[in-house]
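> Dropping a prediction and its sequence here:
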Amino acid sequence: MQKGTIAQIQASHLRTDTLETELAKGAKKAERKDCRKAFAGLGLLALVPLAASTVTDLGCKW
C-alpha cells in the first residue's frame, strides 16, 4: 500500500462530529414546536409554512 492510501483510510475513519455536537443537534431538534400544532390556526394557509419548514428542517418537527 502507498502512504497516501493509508492516510486516506485513516482519515475516512475519523469522526467529524463530536459527542457534544451530536447532543447539541438533538437538543435543538427537540425544542422545536410540533408541526401539527404550530400552524393549526392558519387552516389551508398553513401549507406554505409547513412545506417550508419541512424542506429546510429548521421550523417545526414532525
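Done, it's in. Just so it is clear, the model here is predicted, and its values are computed rather than measured. Numbers count the residues shown, from 1 in each chain.
> Could you pull out the helices in this structure for me?
3-12, 19-30, 35-38, 47-56 (DSSP state H).
> Select, out of those helices, the one closest to Trp62.
Closest to Trp62 of the helices of the chain, according to C-beta to C-beta: helix 35-38, at 5.3 Å. Every C-beta, even on glycine, is put in place using the N, C-alpha and C of the backbone.
> Which strands and helices lie in contact with the closest one?
Judged by 3 or more C-beta pairs under 8 Å, 6 or more residues apart in numbering; DSSP states H and E, helix 35-38 is in contact with helix 47-56.
> Show me what counts as buried in the helix it packs on.
50, 53 (16 or more other C-beta atoms under 10 Å).
> can you put the helices of the chain in a markdown table and add mean pLDDT?
Output for the helices of the chain, formatted as a markdown table (pLDDT from 0 to 100):
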| stretch | mean pLDDT |
| --- | --- |
| helix 3-12 | 75 |
| helix 19-30 | 83 |
| helix 35-38 | 82 |
| helix 47-56 | 85 |
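> Redo those as a markdown table? Include distance to Trp62.
Shown next, in a markdown table, are the helices of the chain (distance: least, C-beta to C-beta, whole Å):
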| stretch | distance to Trp62 |
| --- | --- |
| helix 3-12 | 32 |
| helix 19-30 | 11 |
| helix 35-38 | 5 |
| helix 47-56 | 8 |
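> Not counting sequence-adjacent ones, nearest residue to Ala38?
For Ala38, ignoring the flanking residues on the chain, the nearest one in space by C-beta to C-beta, 6 or more residues apart in numbering is Cys60 at 4.3 Å.
> again, but for Lys33
Nearest to Lys33 is Cys60, by C-beta to C-beta, 6+ apart, at 4.8 Å.
> From Asp34, how far off is that neighbour?
Using C-beta to C-beta, to the nearest Å, one gets 6 Å for the distance from Cys60 to Asp34.
> With neighbour numbers in mind, choose between those two.
Of the pair Cys60 and Asp34, Cys60 is the one with more neighbours under other C-beta atoms under 10 Å, namely 17 against 10.
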